[in-house]
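Asker: need coordinates for the following:
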Amino acid sequence: MSFSVAMRKSPSPDAPMSAIVPYGLRMPPDLKGKLEEAARSSGRSLNTEIVARLEQSIQDDDDRGVPDFTALDHDDRLTKLEAAHKALLDRVAAIEARGTTKG
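Answerer: From the prediction side, this is the model:
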C-alpha cells in the first residue's frame, strides 16, 4: 500500500479567504486571553491578530538577518562548527605543550 501526500501551494497574500487553509492552534488560556484583549484593542478578530503578529515576527527575523535553518543547513553548520572547535582545541594543546617544554 502506498500513500501520497499532495503538497499545497501557499496562497498569495491577496488570495480570497476560501484559499486560506485553516489551522487548529492550541495555546495556554492566559496567552489566548492576552491575544483576545490585543485583538479587541486593535479592532481585529483573534485570527487576524494572531496572523498579524506571526507576520511581524517573521518580518523582524528577516530584518535582523536571522537565518532560516533547514535540517540539512543545521547539520552542515554543526559539522563545520565541530571541526572548527576541534582545530581550536588542537591549537590550545600545542600552545600548552610548548609552554611546558620551555619551563
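Asker: put the alpha carbons of stretch 75-82 into CSV.
Answerer: The C-alpha coordinates for stretch 75-82 follow below in CSV (Å, rounded to 0.1, in the frame of the first residue of the first chain):
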residue,chain,number,x,y,z
ASP,A,75,23.7,19.6,10.2
ASP,A,76,26.2,21.2,7.8
ARG,A,77,26.8,24.2,10.1
LEU,A,78,27.1,21.9,13.2
THR,A,79,29.7,19.8,11.3
LYS,A,80,31.7,22.9,10.4
LEU,A,81,31.5,24.2,14.0
GLU,A,82,32.6,20.9,15.4
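Asker: where does this structure have low pLDDT?
Answerer: 1-15, 17, 66-72, 101-103 (pLDDT under 70).
Asker: tell me the domain ranges of it?
Answerer: 26-66, 69-103 (automatic domain parsing).
Asker: so what touches stretch 46-55?
Answerer: When contacts are defined by CB atoms under 8 Å, 6 or more residues apart in numbering, stretch 46-55 is touched by residues 25, 32, 35-36, 38-39, 42, 44. Heads up, the C-betas are built off the backbone N, CA and C, glycines and all.
Asker: now do 7 Å
Answerer: 35-36, 38-39, 42, 44 (CB atoms under 7 Å, 6 or more residues apart in numbering).
Asker: from the middle of its chain, how far away would it be?
Answerer: The gap between the average C-alpha position of stretch 46-55 and the chain average comes to 17 Å, counting by CA atoms, centre = their mean, to the nearest Å.
Asker: could you pull out the buried residues of that stretch?
Answerer: For stretch 46-55, burial by neighbour count (16 or more other CB atoms under 10 Å) applies to 49-50.
Asker: related to what we said a few turns ago, now a ChimeraX select for only the buried ones of the contacts of stretch 46-55.
Answerer: Selection of buried members from those for ChimeraX, criterion 16+ other CB under 10 Å:
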select :35,39
